[in-house]
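Trainee: For reference, the sequence and a predicted model appear below.
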Amino acid sequence: MDKFKEIEKEMRSGGEANAEIPSLVRARLDETYTALAQQPRNVVRINASRRLRKLTLATAAAAVIGLGVFGSAFVSPAMAEALKNMPLVGSLFSAIETDIGLRTAGSLGLTNQVNNAAAYEDVKLEVSESVYDGTRAAFLIHVTAPNVENGIYNNGRKEMKLSSAIENVFFTVDGEAQDEGLNFGSAGEASPNTLVFEHVMKPGEAPDSFNGAVTIKMDGIDHEFIVEIPFRKAAVQAIEAKPDTRASAGDLTFEVSDVSVTPITARLKTAVTLAGAETLTWDEEKRLTRIGIAVYDDQGRRLPALNGKGKIDGNRLVFDRRYATTSGTSTFLTVKPFLIRDDFAEEVEEGQFLKGLETRIELSPAS
């Protein structure tokens, strides 16, 4: 019981928002800007010719800027230690340290049992659970192998984190290949040999159920592991809003046009417009892409940023952004643009916020 009280205390104090972002995310951002600089203006490309695609935590696609993060330390050290020592009861998602939305899904019983596996020689990849809320589909893969211990993988030449041993990964929805939208990372110290994968569904293309399949190539193993995963939408009502809010300061205008919130995921469509320009120069594009969006619930807790996809449209940067939902029911969201120093999910200091662009979104209860 003391462990649960300790977790509750951390949640109430907003501990899960105090994060140190992995250096890999910063590196991927730098790679994205390098790619932008090497392409014709307003166009970003990525080579996706191989059937098995190596996932990164930040990707760029044709005319699209995409950012993704999974496995970041969105919990305080005390919270992580409490979860690590807590006896696991029920869903494995309940013990995930990195995503309060998925943790809530496990606690509320919104997950589905899967129990499908793929094995080759003495290596086994097993999917135990999945969860799907219409915005993102997540699943857990537990790796059992003699060369995997406490989250460390040995390929025979060197040791690495288990998440780094995923050489290539490929995901399908009802047999159709998905070119983007999949992120993965460690489930945390409580389950070091388990990886969390999540696929972000395209807006307007989210069925109530679908059959997914993941193909994984691991470092040093000449084999493709294929595991089928059924997904069924959780019985949750999304709070939908079209606030069409707009705030201007100086030469910038910030808008929020669409909001969808479930107990697992919050999704916002935002736009930042630069006045006095019909199209953007390279420097202007870079300026807009260095604007992050922090979202807070009605208790002042920051929603952990997960991933997003955006594009340049004339003199605007339009973004579809996803966040992990905080626990409980929020009556409103506060949305605050800020100047990115390191990465889009960094902990923001007061001086980084862009004054005059903050907006508030009222949330009506789901009908």
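Mentor: Alright, I've got the coordinates. Numbering: from 1, shown residues only.
Trainee: Give me the distance between Glu358 and Glu180.
Mentor: With distances defined as CB to CB, to the nearest Å, the gap from Glu358 to Glu180 amounts to 30 Å. (C-beta placed from N, C-alpha, C; glycine too.)
Trainee: Find the least confident helix or strand in the protein, judged by mean pLDDT.
Mentor: In the chain, the helix or strand scored least confidently by mean pLDDT, DSSP states H and E is strand 60-61, which has a mean of 30.
Trainee: Glu358 and Glu180: which has the busier surroundings?
Mentor: Neighbour totals were compared for Glu358 and Glu180, and Glu180 leads with 21 against 17 (other CB atoms under 10 Å).
Trainee: my guess is the more buried one meets Lys309, correct?
Mentor: Yes. The pair Glu180 and Lys309 qualifies as a contact (CB atoms under 8 Å) at a distance of 7.4 Å.
Trainee: quick one: the helices in the stretch 151-300 of the chain?
Mentor: Listed in chain order, the helices found in the stretch 151-300 of the chain under DSSP state H, counting those that start in this stretch are 282-289.
Trainee: If you drop the residues flanking it in sequence, what lies closest to the spatially most central residue of the chain?
Mentor: Nearest to the centroid of the C-alpha atoms of the chain, with distances taken as CA atoms, centre = their mean, sits Leu306, at 2.7 Å. Closest residue to Leu306 in three dimensions, ignoring its sequence neighbours and counting by CB to CB, 6 or more residues apart in numbering: Arg322, at 4.5 Å.
Trainee: Provide a list of residues in contact with that neighbour.
Mentor: Under the criterion of CB atoms under 8 Å, 6 or more residues apart in numbering, the neighbours of Arg322 are Thr135, Arg136, Val200, Thr265, Ala266, Arg267, Ala305, Leu306, Asn307, Gly308.
Trainee: as a whole number, average confidence for the host helix or strand of it?
Mentor: Mapping Arg322 onto the secondary structure by DSSP states H and E places it in strand 316-324. Along strand 316-324, the predicted local confidence has a mean pLDDT of 92.
Trainee: List the strands paired with that strand, with their directions.
Mentor: Strands adjacent to strand 316-324 in the sheet, as given by DSSP bridges, are strand 265-274 (antiparallel), strand 305-313 (antiparallel).
Trainee: I'd like to know which elements the helix or strand that it is followed by is packed against.
Mentor: Counting by DSSP H and E, the element after strand 316-324 in chain order, helix or strand, is strand 332-339. In terms of contacts (3 or more CB pairs under 8 Å, 6 or more residues apart in numbering; DSSP states H and E), strand 332-339 is packed against strand 252-261, strand 265-274, strand 291-296, strand 359-362.
Trainee: Looking at the ones you listed, which is nearest to Ile340?
Mentor: When those are ranked by distance to Ile340, counting by CB to CB, first place goes to strand 291-296 at 4.5 Å.
Trainee: Show me what the closest one is packed against.
Mentor: Of the remaining helices and strands, those touching strand 291-296 by 3+ CB pairs under 8 Å, 6+ apart are strand 265-274, strand 305-313, strand 316-324, strand 332-339.
Trainee: redo that, cut-off 7 Å
Mentor: Packing contacts for strand 291-296, counted by 3 or more CB pairs under 7 Å, 6 or more residues apart in numbering; DSSP states H and E, involve strand 265-274, strand 332-339.
Trainee: what mean pLDDT does the last one have?
Mentor: Meaning strand 332-339. Across strand 332-339, pLDDT averages out at 96.
Trainee: The chain should start at 589 in everything you say after this.
Mentor: Shifting the count to begin at 589 puts that one at strand 920-927.
Trainee: So what touches that strand?
Mentor: Contact with strand 920-927 is made by 842, 844, 856, 860, 878-886, 936, 940-942, 945-951, as judged by CB atoms under 7 Å, 6 or more residues apart in numbering.
Trainee: Whichever of those end up buried, select them in ChimeraX.
Mentor: What follows is the ChimeraX syntax for the buried subset of those, where burial is set by 16 or more other CB atoms under 10 Å:
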select :842,844,856,860,879,880,881,882,883,884,885,886,936,940,941,942,945,946,947,949,951
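Trainee: Just the CA trace of stretch 828-845, in CSV.
Mentor: This file holds the C-alpha atoms of stretch 828-845, laid out as CSV (Å, rounded to 0.1, in the frame of the first residue of the first chain):
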residue,chain,number,x,y,z
GLU,A,828,-14.1,16.3,-29.4
ALA,A,829,-13.8,20.1,-29.8
LYS,A,830,-13.3,22.5,-32.7
PRO,A,831,-12.2,25.6,-30.7
ASP,A,832,-10.9,27.6,-33.7
THR,A,833,-8.9,29.7,-31.2
ARG,A,834,-6.5,32.3,-32.4
ALA,A,835,-3.9,34.4,-30.6
SER,A,836,-1.5,36.9,-32.2
ALA,A,837,1.7,38.6,-31.0
GLY,A,838,4.1,40.4,-33.2
ASP,A,839,4.3,38.8,-36.6
LEU,A,840,3.1,35.4,-35.3
THR,A,841,-0.4,34.0,-35.1
PHE,A,842,-1.1,30.7,-33.3
GLU,A,843,-4.3,28.6,-33.8
VAL,A,844,-5.8,25.4,-32.4
SER,A,845,-8.5,24.1,-34.8
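Trainee: Brilliant, that's me finished.
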